[in-house]
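1. let's see this in three dimensions:
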Amino acid sequence: MNFKITLRKPIFFLLSILICCFVLPASNGIPLTIAQSEAAVKTPVQRYGRLKVSGAQLVDSKNRPVQLKGVSTHGLSWFPQYVNKKAFQTLRDRWGAQVIRLAMYTAEYNGYCTGSAQNQKDLKAIIDKAVSYCDELGLYVIIDWHILSDSNPNTYKKQAKAFFKSMAQKYKEHENVIYEICNEPNGSVSWKEIQAYAKSVIKTIRKQDEQAVIIIGTPTWSQDVDTAAASPISGSNLMYAFHFYASTHKEDFRKKLQTAIDSGLAVFVSEFGICEAGGSGSVNQAEAKRWMKLLDQNKISCVAWNLSNKEEASALIKSSCTKTSDWKRSELSDAGKWIYDMMRK
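-> This next block holds a predicted model:
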């Protein structure tokens, strides 16, 4: 009897070790493998390090393909309350976000180029806080020069160069900072005009920081990536913005993106929504799934618009919810729930 008992104990112990090696319990009831549990305790920046562009692909410090997924703020002047450490930590730990985009409007109300000198200082202070939170949490962060009503990035090129010079000087040692130099050129702005602007701003950044990834906007609200693919800008660690809203932009726009991908263009979906292009209207989950399938197949990074409780379909938080962090799923909008579920998967 004693012999059998002593024999079973080491066998039980070994079986327990084997079980733990393959399956660990997770707080949400879904088993985690050892590899997944190790990834869970590492921040995105710890996992990937300084990012770079290799051919058409964003890669990590070991040249492995990386697909970031994250969330964009709304205008920093209008919804600064969501720039807080708990909000970013909620997005990282509960949603699975790896990158935060800071949307700094340039020409709208209290825009960087149209507001007061004090407003400029306030916006820079918000960016400083946001970058420091992302540093602490190990998140990547996109500093977005969010042109919209100004249409042509050359309108405020002088201000853009001064802004990105100061940003690059300040953050050149930060391996998690990405620069988006013109959100959505629109109207009749040509790729040639955007190229002239981009080359000038890229040169300004590169004098301070030779390594940071830079995202370049493309014509027609950053949708004509096929045009950019026909005449890309020379240089290292450059990517091109593509934006879509699933209820408006469907198969024809996926074909445009596929053309750019097939041409070898490095694309970053720095803004997308699952509603209509104006930010409101119906949510189209079926089209959103088709978009995500294409992005996942090609490991294209994407950032969802927007972190706010604004009364519009693209806002991720219900307008009735005033919390600025620790949101329950029930406190999210229909778009927010879809984005939350997609990123957690």
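2. I'd assumed Lys52 was in contact with Gln211.
-> Yes - under the criterion of C-beta atoms under 8 Å, Gln211 lies in contact with Lys52, with a separation of 7.1 Å. C-beta coordinates here come from the backbone N, C-alpha and C atoms, glycine included.
3. more neighbours: which of those two?
-> Comparing Gln211 with Lys52 by neighbour count (other C-beta atoms under 10 Å), the higher total belongs to Lys52, at 17 against 12.
4. ok, back up a step: report the set of residues contacting both of Gln211 and Lys52.
-> Where contact means C-beta atoms under 8 Å, 6 or more residues apart in numbering, the residues bridging Gln211 and Lys52 through contact with each are Asn237.
5. in what helix or strand does Ala162 lie?
-> Secondary structure assigned from DSSP states H and E places Ala162 in helix 157-171.
6. any idea which residue sits dead centre in the chain?
-> The residue at the geometric middle of the chain, judged as the C-alpha nearest the mean C-alpha position with C-alpha atoms, centre = their mean, is Val303 (3.6 Å).
7. what's that one sitting at in phi/psi?
-> Dihedral angles phi and psi of Val303 (degrees, to the nearest 10) take the values phi -130, psi 130.
8. which residues touch it?
-> Contacts for Val303 were tallied using C-beta under 8 Å, 6+ apart; they are Leu68, Lys69, Gly70, Val71, Ser72, Val99, Arg101, Ile142, Val269, Ser270, Glu271, Phe272.
9. rerun at 7 Å
-> Taking C-beta atoms under 7 Å, 6 or more residues apart in numbering as the criterion, Val303 is in contact with Gly70, Val71, Ser72, Val99, Arg101, Ile142, Val269, Ser270, Glu271.
10. for it, give the beta-bridge partners.
-> Beta bridges link Val303 to Gly70 when assigned by DSSP bridges.
11. re earlier: okay, and which of the contacts of Val303 map to strands?
-> Among those, the members found in strands (DSSP state E) are Gly70, Val71, Ser72, Val99, Arg101, Ile142, Val269, Ser270, Glu271.
12. now neighbour count and pLDDT too, for the residues you listed, in CSV please.
-> Conversion of the ones in strands among the contacts of Val303 to CSV gives the following (neighbours: other C-beta atoms under 10 Å; pLDDT from 0 to 100):
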residue, neighbour count, pLDDT
Gly70, 27, 98
Val71, 25, 98
Ser72, 26, 98
Val99, 26, 98
Arg101, 27, 99
Ile142, 26, 99
Val269, 23, 98
Ser270, 28, 98
Glu271, 27, 98
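13. would you turn those residues into JSON lines with distance to Thr204?
-> As requested, the ones in strands among the contacts of Val303 are exported to JSON lines (distance: C-beta to C-beta, whole Å):
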{"residue": "Gly70", "distance to Thr204": "26"}
{"residue": "Val71", "distance to Thr204": "28"}
{"residue": "Ser72", "distance to Thr204": "24"}
{"residue": "Val99", "distance to Thr204": "23"}
{"residue": "Arg101", "distance to Thr204": "21"}
{"residue": "Ile142", "distance to Thr204": "18"}
{"residue": "Val269", "distance to Thr204": "25"}
{"residue": "Ser270", "distance to Thr204": "20"}
{"residue": "Glu271", "distance to Thr204": "23"}
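14. so what secondary structure elements neighbour whichever strand or helix holds Lys289?
-> Element membership for Lys289 (DSSP H and E) is helix 285-297. The contact analysis (3 or more C-beta pairs under 7 Å, 6 or more residues apart in numbering; DSSP states H and E) places helix 285-297 against helix 334-344.
15. outside of the helix it packs on, which residues touch it?
-> Contact partners of helix 334-344, identified using C-beta under 7 Å, 6+ apart, comprise 69, 95-97, 273-275, 283, 285, 288, 292, 304, 313-314, 316-317, 329, 332.
16. show the buried residues in these.
-> Buried members of the contacts of helix 334-344, counted by 16 or more other C-beta atoms under 10 Å: 69, 95-97, 273-275, 283, 285, 288, 292, 304, 313-314, 316-317, 332.
17. so which of those are in helices?
-> In helices, judged by DSSP state H, the following of the buried ones among the contacts of helix 334-344 are found: Gln285, Ala288, Met292.
18. need the residues you listed in TSV (columns: pLDDT and distance to Phe88).
-> TSV is the format used below for these (pLDDT from 0 to 100; distance: C-beta to C-beta, whole Å):
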residue	pLDDT	distance to Phe88
Gln285	97	26
Ala288	98	24
Met292	98	23
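19. any chance of the residues you listed in TSV, plus distance to Gln57?
-> Putting these into TSV (distance: C-beta to C-beta, whole Å) gives the following:
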residue	distance to Gln57
Gln285	28
Ala288	23
Met292	18
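20. what's the closest of those to Val41?
-> The shortest separation between Val41 and any of those is 26.6 Å, and it belongs to Met292 (by C-beta to C-beta).
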